[in-house]
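Q: here are the coordinates; sequence isn't available:
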């Protein structure tokens, strides 16, 4: 096991990060367009944090956690519009459109996610300088997590970053809950 390996090497194992490897396994269920891309960046836009995982030719090369999630956007909407967190969540789901230039709530969402955009750019820049002599390569960004369901967030990130971006819907139809 991984734990026994670390014990034999006299290391103190603090944690094992499994998300990057789950993303790597997810590639088996995605189309050839994604699997044949040199560099795949998985961005999981979670509830309280977001993660960036870079996979290069089937190897997890980079992993980073960002202190931003959909809950932060919900709180910002609540504070800005003076509504409850519950109402802000409803507004976020129903009214935010990341490419709508004429909506106050969408402008707030665009501003909120700017730090994530900056970290994506910074991560790609770091990766290209460390592993590819500062030359960009064929790259695709795959969005995951609940906040990835926000309307047109993939288009917004693609415009901001300059690489094809889409929301991972691989398992969206595999399981459903019937309340009856």
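A: Everything's here; your move. Source: prediction; values computed, not measured. Numbers count the residues shown, from 1 in each chain.
Q: Show the subsequent helix or strand relative to the helix or strand hosting residue 127.
A: If you go by DSSP states H and E, residue 127 is part of helix 114-131. Once helix 114-131 ends, the next helix or strand along the chain (criterion: DSSP H and E) is strand 139-144.
Q: what's the following helix or strand after that following strand?
A: Next element after strand 139-144 (DSSP H and E): helix 153-161.
Q: between that following helix and helix 114-131, how many degrees?
A: Counting by axes from the mean of the first three to the mean of the last three Cα atoms, to 10 degrees, helix 153-161 points 60 degrees away from the direction of helix 114-131.
Q: what about the strands in the chain?
A: Secondary structure of the chain (DSSP state E): strands at 39-45, 50-56, 59-66, 139-144, 165-167.
Q: For residue 110, find the nearest of the ones you listed.
A: Residue 110 lies closest to strand 39-45 among the strands of the chain, at 13.9 Å (Cβ to Cβ). C-beta coordinates here come from the backbone N, C-alpha and C atoms, glycine included.
Q: For that closest one, what does the pLDDT average out to?
A: The average of the pLDDT scores along strand 39-45 is 92.
Q: Sheet partners, orientation included, of that strand?
A: strand 50-56 (antiparallel), strand 139-144 (parallel) (DSSP bridges).
Q: export those strands to TSV and tack on distance to residue 7?
A: Rendered in TSV, the data for the strands paired with strand 39-45 read as follows (distance: least, Cβ to Cβ, whole Å):
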stretch	distance to residue 7
strand 50-56	27
strand 139-144	33
